[in-house]
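> Predicted model and sequence below, questions to follow.
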Amino acid sequence: QVQLVESGGGVVQPGGSLRLSCVGSGGTFSSYAIGWFRQAPGAEREFVGGIVWSGTMRNYSDSVKGRFAISRDNAKNTAYLQMNSLKPEDTGDYYCAAHRHPYGISRASKNYDYWGQGTQVTVSS
């Protein structure tokens, strides 16, 4: 079992950047695939992207492809979501999640086993 804690959210102007972190503890972080999701007020949780255990494969939603980048440092038990060229529609609570299968990047939130508490991102002028 792994516990996940996100950080790095905040308020940023359109066109700005933020980097979110997801720190794992209590388990073998490097054995999990990590997914990032977001949820806007009144909306369903949405897949943002994911990364396999080794960091060698990534997948992104069309809405963030080319603007967001996911990476991980297993020595630090940390995954990152670098968000560039932010838009107001990127506003929401951002969550990281761990999938037991090391190559388990899934767009469906129900397939993930462990979740962080989320960090809020607001893009506004």
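On my side now, so go ahead. No experiment lies behind these values; they were computed from the predicted model shown.

> and stretch 64-74, how far from the chain's centre?
8 Å (Cα atoms, centre = their mean, to the nearest Å).

> Kindly report the same for stretch 13-20.
For stretch 13-20, the separation from the chain centroid amounts to 14 Å (computed by Cα atoms, centre = their mean).

> hey, what's the residue most central in space within the chain bridged with?
Nearest residue to the geometric centre of the chain (Cα atoms, centre = their mean): W36, 2.5 Å. Applying DSSP bridges to W36 gives these bridge partners: G49, C96.

> Does it touch Y94 like I think?
Yes - the pair W36 and Y94 passes the contact test of Cβ atoms under 8 Å, sitting 6.5 Å apart. C-beta: built from backbone N, CA, C; applies to glycine.

> shared neighbours of those two, anything?
20, 48, 81 (Cβ atoms under 8 Å, 6 or more residues apart in numbering).

> Identify the bridge partners of L18.
M83.

> I should have written S25 there, sorry.
Here S25, judged by DSSP bridges, has bridge partners Q3.

> and E89, that one's in a helix?
Yes - assessed with DSSP: H, G, I helix; E, B strand; the rest coil, E89 lies in a helix.

> Now the helix or strand containing V11: buried residues?
Secondary structure from DSSP states H and E places V11 in strand 10-12. The neighbour-count check on strand 10-12 (16 or more other Cβ atoms under 10 Å) flags V12 as buried.

> Which secondary structure elements does it sit against?
strand 119-123 (3 or more Cβ pairs under 8 Å, 6 or more residues apart in numbering; DSSP states H and E).

> tell me the contacts of the nearest residue to S125 once chain neighbours are set aside?
Closest residue in space to S125, ignoring its immediate chain neighbours: Q13 at 5.4 Å, by Cβ to Cβ, 6 or more residues apart in numbering. Residues in contact with Q13 (Cβ under 8 Å, 6+ apart) are 86, 123-125.
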